[in-house]
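> can you look at this prediction? I've put the sequence above it.
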Amino acid sequence: MNDILLLDRADGVATVTLNRPEARNALSAALITALRATMRALEDDDEVHAIVLTGSDPAFCAGLDLKELGSSGENLRLGQEDDEEPSPYPWPVPSKPVIGAVNGVAVTGGLELALNCDILIASERARFADTHARVGVLPGWGLSVLLPRLVGRQTARRMSLTGDFVPAAEALRAGLVTEVVAHGDLLPAAHRVARTIAGNDRDAVRTLLDSYRRIELAEIADGYGIEGRTSRDWLARGFTPASVEERRKAIVDRGRAQTAT
């Protein structure tokens, strides 16, 4: 396993850790490729019954790596790539429950990864933001579909249109996460939930989760398709990596200022 992504298995639970701490676990093309492959492998692992997704401190995931996005743009291309197998989801979603353990900032693409989890638990240090409009790209992994379902129409639009950071306590009140715990208790709390799930009737868990998801898809209707077409059309209008590079320092500085407290 490439060390940019760590994988541990114990007691029927797989823990997947984004491991680019020097870049706040930003999504490079290599990390996106490794994460996609790992999620597909865990789908086929009969010894794994629940998955915990987290990041190496100090961040959960800062979204697409802006340095790479502002140069080659390869990570954005991979983010837009369709799965090899037909799926209604824009991101690989295993049939096993995924618990997101948000240990720090979850920004833009990182927020989308979190939203694709089935259950979210946050450290007191967690901060959430959607900076797509500030970066100059549009969501393509389900953010505009999933965020308003969790936090409501107005809060979702405020987060997306301002790009402001939401602290853990506010995320709990809004319904974005199910629990906020002390930083050192985050992984133990996530593993307790995952082990409880793994200890239940496994076929029943996966069947019930599939039912939840199919009901959600029926309610969402063509939401994923609309988001995907909007994102592709936006890129076709003339997006260039250079435009991100021009804004990168201001984006990073603003994020650091908002998460300093």
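Structure's in. What do you need?

> all helices of the stretch 1-150 of the chain, in order?
For the stretch 1-150 of the chain, the helices defined by DSSP state H, counting those that start in this stretch cover 29-43, 66-69, 74-80, 109-115, 132-135, 143-151.

> and residue 105, bridged to which residues?
The partner list for residue 105 in beta bridges (DSSP bridges) reads residue 127.

> test my guess that it contacts residue 23.
No: Residue 105 is beyond contact range of residue 23, at 11.9 Å (criterion: CB atoms under 8 Å). To be clear about C-beta, it is placed using only N, CA and C from the backbone, and glycine gets the same treatment.

> quick one: low-confidence residue ranges for the chain.
Along the chain, segments meeting pLDDT under 70 span 1-2, 79-86, 248-249, 261.

> pick out the residue nearest the middle of it.
In the chain, the centroid-proximal residue (CA atoms, centre = their mean) is residue 113; its distance is 1.1 Å.

> give the contact list for that residue.
Each residue near residue 113 by CB atoms under 8 Å, 6 or more residues apart in numbering is listed here: 53, 60, 61, 91, 100, 106, 141.

> can you put those in JSON lines and add neighbour count?
Converted to JSON lines, the contacts of residue 113 look like this (neighbours: other CB atoms under 10 Å):
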{"residue": "53", "neighbour count": "25"}
{"residue": "60", "neighbour count": "31"}
{"residue": "61", "neighbour count": "31"}
{"residue": "91", "neighbour count": "20"}
{"residue": "100", "neighbour count": "27"}
{"residue": "106", "neighbour count": "33"}
{"residue": "141", "neighbour count": "23"}
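
> ranking the helices of the stretch 1-150 of the chain by burial, who's on top?
helix 109-115 (a mean of 27; mean count of other CB atoms under 10 Å).

> and of the contacts of residue 113, the nearest to residue 165?
The closest of those to residue 165 turns out to be residue 106 (CB to CB; 9.9 Å).

> that closest one and residue 256, how far apart?
15 Å (CB to CB, to the nearest Å).

> in the stretch 151-261 of the chain, which spans are strands?
Secondary structure of the stretch 151-261 of the chain (DSSP state E, counting those that start in this stretch): strands at 166-167, 179-181.

> for residue 243, which of those strands is the nearest?
strand 166-167 (26.2 Å).
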